[in-house]
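K.L.:
Sequence plus predicted model, see below.
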Amino acid sequence: MCCKINTPDVSLQKPDKPYLVEKKRHTLGRRKWPNKCWYFPLGENLINQHTIAAPVSVSGIGLHTGVKVSLRLCPAPANTGILFRRTDLEGFTIEAQSRNVARVSYATSLMKKGVLISTTEHLLSALAGRDVDNVLVEIDNLELPILDGSARPFVELITKAGIRRQRARRSFIRILKPVEVVDGMRRIAVYPADVFRVTYRIAFPHPSIGIQSIEFASGSSNYATEIAPARTFGFLEELEMLRKNGLIRGGSLENAVVLDRKGVINPEGLRFPDEFCRHKLLDLIGDFSLLGHPLIGHVVAERAGHAMHAQLVSRLLREKNSWKLVSSPEVAAKAIPQPAPVLATSGSRELITVVNSE
C-alpha cells in the first residue's frame, strides 16, 4: 500500500486540491509498492504561527501510571511554543523543549526542577500534525491521558477548539547536511530536503507485524485520517514484566493494540494493516516537535523509537552547523514537489537508503 503523502506544490494557490504523480515501481523486501501516490499542495499554514481559538478539555487515565488526569488546552500568545502547566503543583510550567526531556523508555517524558510530565508524544504529535505552534497545556497530574492510545482524540479536541492564525511568522530548522545516529541494527538520520519528510521502517519477528514501511511528507491534508488514528501497541508476553517495572498500569484493550504470539487480540482488529508502523511515525512527529521549530528535512528511521528520536533531536541542536533557522517566506519559495525515496537493501542486512527514484 502507498500511504497518501502530503508534499507541497509550488503554486500554493489551491491548498486542498491534490494532484497525481507517477513513481517508478520498486520493491521493499518481497513487497511491491504501487507506482502512484497522491501529493497535496501546501496551504497557508506554512507562513504564520497558529494557536487554538478557545479552551477545550478532556479527561482520562495515564497509560503507565493508571491515574486519573484532566487536561485542558488553552490559547497562547505567538512565540510561546507548547507549554505544560501542572495545575496540581501551583502552576509549575515546563516547556516542550529537548533540553527538558527526562525519560524516553516506552514514552517521552519531560522534567524540570524535579517536576515530571509523562507520555507527551501523542498530544505533541497532534499539535504538530495540525500546525498548532502555541498552546498552554494544563494538567492536574504527572501523566497525560492515553485516551484511545492514538493521537486521534487530541486531533478531535483541537478541531473542537478551532485554530486561530496569528500575525507572527513561523521559523523553521532547515537541514544543511546529514546527521545520523546508529545503534547496531537500528538507525535514524536526517538529510537536507525542501519539506518535512519521514521514511519509517520497522521489523518485528511477529506474524502480524513483520517488516513495515511508510513514507510521509508535511502538509496537513492527511495527518488526521492516515496517521493520527494509529494506536500504541504491546505484546501480551511482556505485560507482567512491564507492570513489575511500574509501567502500563492503565493499559487495556481500549487504549492499545495488544498481540499474543498468534496475532492481535483486540476484538475490533487493526485500523490499518500497517498500524504499527504508522504509530511509530506518529511518535516521531511528536518527538521531533521538541526541536522547538518545525523541521525542513528528510528523516529516515529504521527500527528506531523514542530513545533514538531524542538522540537525533539532541544531536541536531548541538551540531548547529548542520542546520540554519529560516523564515516562512524562504521556505515557501523553496517548497517544490519531491519524489518519494526508494527503500533499497544492502547485502544480508536490509537498510533504508535514500536513492534517486528516477
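P.N.:
Great, that's in hand.
K.L.:
what's the spacing between I248 and L142?
P.N.:
15 Å (CB to CB, to the nearest Å). Bear in mind the C-beta positions are built from the backbone N, C-alpha and C, glycine included.
K.L.:
the more surrounded of these two?
P.N.:
Using other CB atoms under 10 Å as the criterion, I248 and L142 rank with I248 on top: 23 against 20.
K.L.:
The more buried one reaches L236, doesn't it?
P.N.:
No - applying CB atoms under 8 Å as the test, I248 and L236 come out as separate, 11.3 Å apart.
K.L.:
burial measure for R315, as a count.
P.N.:
If we define neighbours as other CB under 10 Å, then R315 has 16 of them.
K.L.:
List the buried residues for the strand or helix carrying it?
P.N.:
Using DSSP states H and E, the element containing R315 is helix 306-318. Residues H306, A307, M308, H309, A310, L312, V313, S314, R315, L316, L317 are the ones in helix 306-318 that count as buried (16 or more other CB atoms under 10 Å).
K.L.:
Would you check that R86 makes contact with L136?
P.N.:
No - R86 is not in contact with L136 according to CB under 8 Å; the separation is 11.8 Å.
K.L.:
Mind giving me the packing neighbours of the helix or strand that the helix holding R315 is followed by?
P.N.:
With elements assigned by DSSP H and E, the helix or strand that comes after helix 306-318 is strand 323-327. Counting contacts by 3 or more CB pairs under 8 Å, 6 or more residues apart in numbering; DSSP states H and E, strand 323-327 is packed against strand 171-175.
K.L.:
gap between the strand it packs on and the chain center?
P.N.:
Per CA atoms, centre = their mean, to the nearest Å, the displacement of strand 171-175 from the mean C-alpha position of its chain is 17 Å.
K.L.:
For that strand, which outside residues touch it?
P.N.:
By CB atoms under 8 Å, 6 or more residues apart in numbering, the residues outside strand 171-175 that reach it are 190-193, 291, 293-298, 316, 322-328, 331.
K.L.:
List buried residues within those residues.
P.N.:
190-191, 193, 291, 293-298, 316, 322-323, 326, 328, 331.
K.L.:
what about the helices in the stretch 101-250 of the chain?
P.N.:
121-129, 152-161, 239-244 (DSSP state H, counting those that start in this stretch).
K.L.:
most tightly surrounded among those helices?
P.N.:
Looking across the helices of the stretch 101-250 of the chain with neighbours counted as mean count of other CB atoms under 10 Å, the highest average goes to helix 121-129: a mean of 27.
K.L.:
pLDDT of that one, averaged?
P.N.:
The average pLDDT within helix 121-129 is 97.
K.L.:
by contact count, what packs against that helix?
P.N.:
Contacts defined by 3+ CB pairs under 8 Å, 6+ apart place helix 121-129 against helix 152-161, helix 275-288.
K.L.:
can you list those helices in CSV and add distance to L110 and mean pLDDT?
P.N.:
Below are the helices and strands packed on helix 121-129 laid out as CSV (distance: least, CB to CB, whole Å; pLDDT from 0 to 100):
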stretch, distance to L110, mean pLDDT
helix 152-161, 17, 98
helix 275-288, 11, 98
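K.L.:
Which among these is found nearest to S213?
P.N.:
Evaluated with CB to CB, these place helix 275-288 nearest to S213, the distance being 6.4 Å.
K.L.:
what's downstream of the closest one, the next helix or strand?
P.N.:
Note on helix 275-288: by DSSP H and E, the next helix or strand toward the C-terminus is strand 295-302.
K.L.:
which residues sit against that next one?
P.N.:
Applying CB under 8 Å, 6+ apart, the external contacts of strand 295-302 come out as 172-175, 185-203, 280, 284, 288, 308-309, 312, 323, 326, 331, 341, 351-352, 354.
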